[in-house]
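K.L.:
I'd like to go over a predicted model; first the sequence, then the structure.
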Amino acid sequence: MASLTKKRPRVIERILAKGHKNVKATHRTTLEVTKDKYLTPRGDCIIAISANKAASDLSESFKYYLKKPGSILVVVLRSGTLQDTVVARGSPNLLLSSPRSIVIRKSRYIDERTIAIEANKAAIDINRELIRKLKSREATLEILLMVFTI
């Protein structure tokens, strides 16, 4: 991926979400944050719930730049002093229409929840200290989404 050190993000989105006792974060190809208020043990790609935004809630300018050919999405996941970063690609084919969640994928698969593809990390790759913290209902997760264009 092209060097981002000399570029400024085109648009930044901030999402706030909460932890849950059933957070596992063991999925090998996806990472998800949902607006749902609950999480079953089957949701192994979900790292946080009760998010204040889903794919359809992202600003039109954010969606515009994310869908530009060659766009790069940098995702900063932060809870207190713990954080991790994910880098992925946008795509002109993104639908960005889910009212419930956002998904970042290592693959090129796109559905209405997908906000980025070809990511360098999935749920299982996220900092395990951060994931342990997100197993608490009291934990909050700040997600910064930054779009860069080439």
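P.N.:
Cool, the structure landed.

K.L.:
Nearest spatial neighbour of Lys63, chain-adjacent residues omitted?
P.N.:
Spatial nearest neighbour of Lys63, chain neighbours left out: Leu96 (5.1 Å); criterion: CB to CB, 6 or more residues apart in numbering. Where you see a C-beta, it was placed from the backbone N, CA and C, and this is true even at glycine.

K.L.:
mind showing which ranges of the chain have poor pLDDT?
P.N.:
Applying pLDDT under 70 to the chain flags residues 1-6.

K.L.:
so Glu112 makes contact with Ser101?
P.N.:
No: taking contacts as CB atoms under 8 Å, Glu112 lies outside contact range of Ser101: 9.3 Å.

K.L.:
So those two - more neighbours on which side?
P.N.:
Using other CB atoms under 10 Å, the more surrounded residue of Glu112 and Ser101 is Ser101, with 22 against 16.

K.L.:
So which residue is dead centre in this structure?
P.N.:
Nearest to the geometric centre of the chain sits Ile104, at 5.4 Å (CA atoms, centre = their mean).

K.L.:
how about it, secondary structure?
P.N.:
strand (DSSP: H, G, I helix; E, B strand; the rest coil).

K.L.:
give me the beta-bridge partners of Thr30?
P.N.:
Beta bridges link Thr30 to Arg105, judged by DSSP bridges.

K.L.:
Contact partners for it?
P.N.:
Shown in contact with Thr30 (CB atoms under 8 Å, 6 or more residues apart in numbering): 45, 103-106, 122-123.

K.L.:
Can you tell me the closest non-neighbouring residue to Ser136?
P.N.:
Distances taken as CB to CB, 6+ apart place Gly19 nearest to Ser136, at 4.9 Å, with adjacent residues excluded.

K.L.:
do Arg89 as well
P.N.:
Excluding the flanking residues, the one nearest Arg89 by CB to CB, 6+ apart is Glu118, at 4.6 Å.
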